[in-house]
Each structure stands twice: as structure tokens, then as C-alpha cells.
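K.L.:
when you get a sec, could you give me coordinates for this:
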Amino acid sequence: MWNAIETFLDSMFVGPMWPASVLMGLLICYLLLSILGAVDLDMDSPDADLGLDLDAPDAGIDLPESPDADFDVDFESNIDVGHGASDIFGGVGMLTLRWLNLGRVPIIMWAGTFTLLYWTVTWILWSQSDNFRYQPTLWISLLLTIRNIVIAVGLTKIMTGPMAKVFAPEPQFDAAHLMGRDCTVCTFRADSSFGQGRYKTDASPLLLNIRTDGAILSKGEQARIIGFDPVKRIYIVTKVDPEVLP
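P.N.:
Okay, the predicted model is just below:
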């Protein structure tokens, strides 16, 4: 029996199996501590707001676009001209996390799914192929580990897709839904020929191309959506009297 256990451990802690087995061991310890009540198994629904000011396709809304759409240089996005390359890389990083469903499902579920898939991929490839082709040297093991992680991340993205729909369903907004709602002017002004408004949601704010019904609004003022031009994909807004705001 001890020989069988020793053989099993030797096969679990060799070459690229080392990091996968260690990660699996940590996951098992965490789950055991959760069962015993020593740690909190956080299964709460994640906060959908990752700090991304995304356009509507990502938020499930038909964001108005038009050939003559006007944009202020300081538009609400992670790619801010004034902040340079760091904001660009930050925006790309947040988009990557969202694409992987991180932040849309509980982190323990994502990590658990990744760990199981990573260990499974590593074990299958090592026992069926890599073990016969490579020596478990440091560099070979490192390269195989990177390859296995990439494969596991892709599989985790696929497996957590249905979970994201349960834990963080995308808000469904359309022109009819936005009628009568208020947005905030986010360009330096908005009038009958120019303007953008920010509509706040539980997730990322939505940027709308807006035109007023004749009034001139300044940045930060509230505007009520009263119409939609489906051809130019522009929302028509009117000024909201601060005294009648809810």
C-alpha cells in the first residue's frame, strides 16, 4: 500500500505536475476549511462594475452610433488621452478580466474551475504525451506549465460562461426602455447638434449620443430622454428642472 502511495505521489510531483498538484492541494485545503467553518466560502454575486466605461455592445444595449457622431476628447473610457499609455494598458487589462468572466462569477468558483481544469489538462498531457517526449527539467517543466495554464484559462472561460449569466446577468436596455429616463451631460455642452450623455446603470455607465429639443445644456446637467432617432441612432433629450427632480 505504501508503495502505491509513494508511486502516486511521485507521479503527482514531477515536472509540470508540481505546480498543478500544489494548486490542487491548496484548493482542497480551502474547501475543507470552508466545510469546517474556519473560512468564509464567499459565493456572493460579484460587483458587475469593474470600472469600465464600455459602450453598449458589452452592456447589452444598442448604443447609438452615427456617421456624424460627436465625441468629446475626454470621453468616458479607460482610454483617456490625458492619462497616456498606463490607462490604455489598464483598460486592456480590465477588458481581459471581463472577457475571462473574472468579476462576473464568484472568485472562488472561477479559481476552483481553473484549478480543476489546469490539473486535469496537465495530468492528461503529461501521462499520455509529455512524459514520453520530454525530460522533467526546470526549463522544460516551465514551458509546459505555461502551455497548460493557457489551455486551462481558455477552458475556464468557456466553462464559466453559463455561470456569468446566472451571477451577473447583463442588463438589457433599449431605446424603449430608456424613454423617460434621465442622463447626465458629459460633454462640455449639449445642444440640438452636439452632445453626449451618461446613463447610470448597476454595471458600467452607458454613453449615449444625445441632441436637445432646442435647449443648451452644460456638462453635469440632467437631461430627460424623450425621443430616439433610429436612423441617426441619436437620443432626443430635454432639460430637467432641478426643482422637479425626484
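K.L.:
quick one: buried residues of the helix ranked longest in the chain?
P.N.:
Longest helix in the chain, counting residues (DSSP state H): helix 138-167. Across helix 138-167, burial judged by 16 or more other Cβ atoms under 10 Å covers 141, 144-145, 148-149, 152, 155-157, 159-160, 163-164, 167. The C-beta positions use only the backbone N, C-alpha and C, and glycine is treated the same way.
K.L.:
need these in JSON lines with pLDDT and distance to R98, can you?
P.N.:
Output for those, formatted as JSON lines (pLDDT from 0 to 100; distance: Cβ to Cβ, whole Å):
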{"residue": "S141", "pLDDT": "94", "distance to R98": "31"}
{"residue": "L144", "pLDDT": "96", "distance to R98": "29"}
{"residue": "T145", "pLDDT": "96", "distance to R98": "25"}
{"residue": "N148", "pLDDT": "96", "distance to R98": "24"}
{"residue": "I149", "pLDDT": "96", "distance to R98": "19"}
{"residue": "A152", "pLDDT": "95", "distance to R98": "19"}
{"residue": "L155", "pLDDT": "95", "distance to R98": "18"}
{"residue": "T156", "pLDDT": "93", "distance to R98": "14"}
{"residue": "K157", "pLDDT": "91", "distance to R98": "11"}
{"residue": "M159", "pLDDT": "91", "distance to R98": "16"}
{"residue": "T160", "pLDDT": "89", "distance to R98": "12"}
{"residue": "M163", "pLDDT": "84", "distance to R98": "14"}
{"residue": "A164", "pLDDT": "77", "distance to R98": "9"}
{"residue": "F167", "pLDDT": "73", "distance to R98": "13"}
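K.L.:
any chance of these in JSON lines, plus distance to W110?
P.N.:
Compiled in JSON lines, the buried residues of helix 138-167 are given as follows (distance: Cβ to Cβ, whole Å):
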{"residue": "S141", "distance to W110": "25"}
{"residue": "L144", "distance to W110": "23"}
{"residue": "T145", "distance to W110": "19"}
{"residue": "N148", "distance to W110": "17"}
{"residue": "I149", "distance to W110": "14"}
{"residue": "A152", "distance to W110": "12"}
{"residue": "L155", "distance to W110": "12"}
{"residue": "T156", "distance to W110": "7"}
{"residue": "K157", "distance to W110": "10"}
{"residue": "M159", "distance to W110": "9"}
{"residue": "T160", "distance to W110": "6"}
{"residue": "M163", "distance to W110": "8"}
{"residue": "A164", "distance to W110": "9"}
{"residue": "F167", "distance to W110": "10"}
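K.L.:
tell me how many other residues crowd Q128.
P.N.:
With neighbours defined by other Cβ atoms under 10 Å, the count for Q128 comes to 9.
K.L.:
then K239?
P.N.:
Other residues near K239 come to 17 when the count uses other Cβ under 10 Å.
K.L.:
what residue is smack in the middle of this structure?
P.N.:
Taking Cα atoms, centre = their mean as the criterion, R98 is the residue nearest the geometric centre of the chain, at 1.7 Å.
K.L.:
many thanks, we can stop here.
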